[in-house]
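Novice: What follows is a predicted protein model with its sequence.
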Amino acid sequence: MKPAIVVPFYNHERAIAGTVAGLRPYRMRCWVVDDGSDPRCAAALEELERRDGDWLTVLRQAPNRGKGHAVMSGMRAAAAAGFSHGVQIDADGQHDAADLPRLLEEAARHPDAVVTGVPVYDASVPKSRLYGRYVTHVWVWINTLSFEIRDSMCGFRVYPLAPALRVWDEGRVGARMQFDTEILVRLFWRGTRVISVPTRVSYPSDGVSHFDLWRDNLRISAMHTRLFFGMLLRLPALLWQRVRP
């Protein structure tokens, strides 16, 4: 297993230095993918390249195309450079990079699986987000006929690159706030195991959220509808996944 790190970045100029600082001790090859951020972010990204250019590269894409495009652009760059696995960690400082070795240990034991974090929240989590996640959890359990995906929304995970890129290249995975959930469900449908590892999550008091209440809830609702009908089409195969040895 040869892992690299991908950090999707969009207007988190106050948080990115702390995120990279948490990754610095591992000196793993890293791509920060700037998804069409505002010009004010340029100085923060240039400082990253100046200080950490021996292990970190900033990829820039414009205009803003969504988190999914940013993640998979970084994953494609990692695959082209000869890496087998991609670690996704969000730029907003919510995830604890100290948990990275535990995710990588599970990925080494199960190299064909996606290893994803399951958040262990501290007191900083907004209750609306905490409870709202359960709607998606229930839909994911319905659409996979399984409880294997304990949390589909955590942005801290390890992908095997080849199957993840195949699913992305099919063109059916949404690129914005629905990305994390949809790619995990579609990988599961194709027989990729999903292994969960508890990971600490905190919400910085000055954190920036790009969640648009109306547009993103509509996108997520449309995603669940697509996945539900996709589940019905795959019902025999999903049932066979549950009963086979």
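Specialist: On my side now, so go ahead. Numbering: from 1, shown residues only.

Novice: Can you give the distance of stretch 187-203 from its chain's centre?
Specialist: Relative to the chain's own centre, stretch 187-203 is displaced by 9 Å; criterion: CA atoms, centre = their mean, to the nearest Å.

Novice: Tell me where the chain has helices.
Specialist: 16-23, 42-52, 67-80, 100-109, 127-144, 161-169, 179-189, 213-233, 235-243 (DSSP state H).

Novice: Check what contacts the fifth one and list those residues.
Specialist: Pointing back at helix 127-144 there. The contact list for helix 127-144, computed with CB atoms under 8 Å, 6 or more residues apart in numbering, reads 121, 147, 149-153, 181, 184-185, 188-189, 203, 220, 224, 227-228, 230-231, 238. In short, each C-beta sits where N, CA and C put it, glycine included.

Novice: let's see 6 Å
Specialist: Under the contact criterion CB atoms under 6 Å, 6 or more residues apart in numbering, helix 127-144 has outside partners 147, 149, 152, 153, 181, 185, 188, 224, 227, 228, 231.

Novice: One more: the first one?
Specialist: Outside of helix 16-23, the residues that reach it under the criterion CB under 6 Å, 6+ apart are 44, 48, 91, 93, 97.

Novice: Number of residues surrounding the closest residue to residue 164 other than its chain neighbours?
Specialist: Nearest non-adjacent residue to residue 164, counting by CB to CB, 6 or more residues apart in numbering: residue 75, 6.2 Å away. Number of residues near residue 75 (other CB atoms under 10 Å) recorded here: 24.

Novice: Likewise for residue 190?
Specialist: Residue 190: 12 neighbours (other CB under 10 Å).

Novice: Select, out of the helices of the chain, the one closest to residue 197.
Specialist: helix 100-109 (5.4 Å; CB to CB).

Novice: what about that closest one, distance to the chain center?
Specialist: Remark: helix 100-109 is offset 16 Å from the chain centroid, using CA atoms, centre = their mean.

Novice: what's the answer for stretch 92-108, then?
Specialist: On the basis of CA atoms, centre = their mean, stretch 92-108 sits 12 Å off its chain's mean C-alpha point.

Novice: For the nearest residue to residue 63 once chain neighbours are set aside, grab the count of nearby residues.
Specialist: Excluding its sequence neighbours, the residue lying closest to residue 63 (CB to CB, 6+ apart) is residue 36, at 4.6 Å. By other CB under 10 Å, 17 other residues sit near residue 36.

Novice: Surely residue 36 touches residue 62?
Specialist: Yes - with contact defined as CB atoms under 6 Å, residue 36 counts as touching residue 62 (4.3 Å).

Novice: among the contacts of helix 127-144, who's most crowded?
Specialist: Each of those was scored for neighbours by other CB under 10 Å, and residue 181 scores highest at 25 neighbours.

Novice: who touches that one in this structure?
Specialist: Under the criterion of CB under 6 Å, 6+ apart, the neighbours of residue 181 are 136, 152, 153.

Novice: Quick check: chain neighbours aside, which residue is closest to the second one?
Specialist: Pointing back at residue 152 there. Per CB to CB, 6+ apart, closest to residue 152 is residue 181, 4.1 Å.

Novice: can you pull the contacts of the residue nearest in space to the middle of the chain?
Specialist: The centroid of the chain falls nearest to residue 155 when counting by CA atoms, centre = their mean (3.7 Å). Counting by CB under 6 Å, 6+ apart, residue 155 touches 90, 180.
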